[in-house]
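K.L.:
A structural model of the following input is requested.
(4 chains)
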There are 2 protein chains.
Amino acid sequence: MVKKSLETATADLVQAIGLLVRRVRAAGGVQEVSWSQTSVMKRIAASGPATIADLARAESVKPQSMGTTVAALEEMGFVERKPHPTDGRQMMIELTPKGAAELKRTVDAKRAWLLHAISQLDASDQQTLFAAEEIIRRLAERDAV
Amino acid sequence: MVKKSLETATADLVQAIGLLVRRVRAAGGVQEVSWSQTSVMKRIAASGPATIADLARAESVKPQSMGTTVAALEEMGFVERKPHPTDGRQMMIELTPKGAAELKRTVDAKRAWLLHAISQLDASDQQTLFAAEEIIRRLAERDAV
DNA sequence: TATTGTTATACTCTATAACTATA
DNA sequence: TATAGTTATAGAGTATAACAATA
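P.N.:
Residues are numbered from 1 along each chain as shown, chains lettered A, B, ... in the order given. Below is the predicted model:
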């Protein structure tokens, strides 16, 4: 096979990711917690309470969008807003015990299909996939403003 | 490092993909052609004219959603609807020369950031990423109805 | 009856703009 | 002035429901 150009390979990667995202969505049915919401909960669980602005930067969305995401999580009782101890403008977003429990059910119905599909890959493919995960994460965090 | 469970690794992969998708979107600014639209054009370019129903199945969306996507591409002059030769119900979606030209500009402004980021990875990381692309594509095509 | 496609409507995620409160 | 957050509004992408035309 002729080696793809970097441009072609990148375009193919973007397409493949889009296909997988839609495939997972199609398999998901009604979702209690969205990808964005889960990502925020995972982040708070890993790094501790954070402000809306911090979360927005980390997740590459605008603060207004993160406000919506956090409000939805708050509505479900998965996070709480606490006033910042010294800066009256900021709100610290904390994970509630209910949110931590929700997060523990790491793979919810939405991701059951993907888990099953990955579990049927051979060990080598799984290894490649999870090695790529680390690279994808590094790319996503590149130049995060 | 302790080996992650498959559940944890899958959840981390989902999060990483979500982060990258948002990161690319944030870098993109105004986009002429969306991920979904590009994916459809790539598919027609690779496999030839297809019906709305075929495209919907392949892209894991509902026919109504694919109708919207195709209508947008048609509006931009990138695809054309042709009546099916024998089945009066079906419409064959074909790529126009304008669409093919658009597709050749494989990496548009939206993906320039990603191309640049990937170009700065070392060769080994690039290889892992593109090996994963093939696996991701296989996953996405699994059980496609 | 089953399939293809269209139209109408709604929901999720994110964006921009305009505002208030605090630093 | 600059930053953190909120409220209002809009757009893209997808979904469900109801329908018409054809097989």
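
K.L.:
and the pLDDT at A:Met1?
P.N.:
With respect to pLDDT, A:Met1 has a value of 59.

K.L.:
likewise for A:Arg138?
P.N.:
For A:Arg138, pLDDT reads 96.

K.L.:
give me the neighbour count for it.
P.N.:
14 (other Cβ atoms under 10 Å in any protein chain shown). Just so you know, the C-beta spots here come from the backbone N, C-alpha and C atoms, and that holds for glycine as well.

K.L.:
kindly report the same for A:Lys98.
P.N.:
Counted with other Cβ under 10 Å, residues neighbouring A:Lys98 total 13.

K.L.:
for chain A, what helix or strand is lowest in average pLDDT?
P.N.:
helix A:109-119 (a mean of 87; mean pLDDT, DSSP states H and E).

K.L.:
all strands of chain A, in order?
P.N.:
Under the criterion DSSP state E, strands of chain A are mapped to A:50-51, A:79-83, A:91-95.

K.L.:
tabulate the ones you listed (TSV), appending mean neighbour count, mean pLDDT and distance to A:Arg105.
P.N.:
TSV is the format used below for the strands of chain A (neighbours: other Cβ atoms under 10 Å in any protein chain shown; pLDDT from 0 to 100; distance: least, Cβ to Cβ, whole Å):
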stretch	mean neighbour count	mean pLDDT	distance to A:Arg105
strand A:50-51	20	97	22
strand A:79-83	15	95	16
strand A:91-95	19	97	14
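
K.L.:
show me the one of those strands that comes nearest B:Gln126.
P.N.:
Among the strands of chain A, strand A:50-51 comes nearest to B:Gln126, with 32.2 Å by Cβ to Cβ.

K.L.:
which residues touch the nearest residue to A:Lys82 once chain neighbours are set aside?
P.N.:
The shortest distance from A:Lys82 to any non-neighbouring residue, by Cβ to Cβ, 6 or more residues apart in numbering or on different chains, is to A:Met92 (4.7 Å). Contacts for A:Met92 were tallied using Cβ atoms under 8 Å, 6 or more residues apart in numbering or on different chains; they are A:49-51, A:81-84.

K.L.:
and these, which two are furthest apart?
P.N.:
A:Ala50 and A:Pro83, at 14.1 Å, using Cβ to Cβ across those.

K.L.:
in chain A, where is pLDDT below threshold?
P.N.:
A:1-3, A:29-31, A:106-110, A:144-145 (pLDDT under 70).

K.L.:
closest to the centroid, which residue in it?
P.N.:
Closest residue to the average C-alpha location of chain A: A:Ser39 at 3.0 Å, with Cα atoms, centre = their mean.

K.L.:
so what's that one up against?
P.N.:
A:59, B:15, B:18-19.

K.L.:
picking that back up, quick one, which of the strands of chain A gets closest to B:Ser5.
P.N.:
With Cβ to Cβ as the yardstick, what comes closest out of the strands of chain A is strand A:91-95 (20.5 Å).

K.L.:
how far off centre is that closest one?
P.N.:
How far strand A:91-95 lies from its chain's middle: 17 Å, per Cα atoms, centre = their mean, to the nearest Å.

K.L.:
same check on stretch A:95-106?
P.N.:
With Cα atoms, centre = their mean, you get 15 Å for stretch A:95-106.

K.L.:
let's see that stretch as PDB, backbone CA atoms only.
P.N.:
C-alpha atoms of stretch A:95-106 as PDB (Å, rounded to 0.1, in the frame of the first residue of the first chain):
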ATOM      1  CA  LEU A  95     -18.600  16.500  42.900                       C
ATOM      2  CA  THR A  96     -21.400  15.200  45.200                       C
ATOM      3  CA  PRO A  97     -21.400  11.700  46.600                       C
ATOM      4  CA  LYS A  98     -24.200  11.000  44.200                       C
ATOM      5  CA  GLY A  99     -22.000  12.300  41.300                       C
ATOM      6  CA  ALA A 100     -19.100  10.100  42.400                       C
ATOM      7  CA  ALA A 101     -21.400   7.100  42.500                       C
ATOM      8  CA  GLU A 102     -22.700   7.900  39.100                       C
ATOM      9  CA  LEU A 103     -19.200   8.200  37.800                       C
ATOM     10  CA  LYS A 104     -18.300   4.800  39.200                       C
ATOM     11  CA  ARG A 105     -20.800   3.200  37.000                       C
ATOM     12  CA  THR A 106     -18.200   4.300  34.500                       C
END
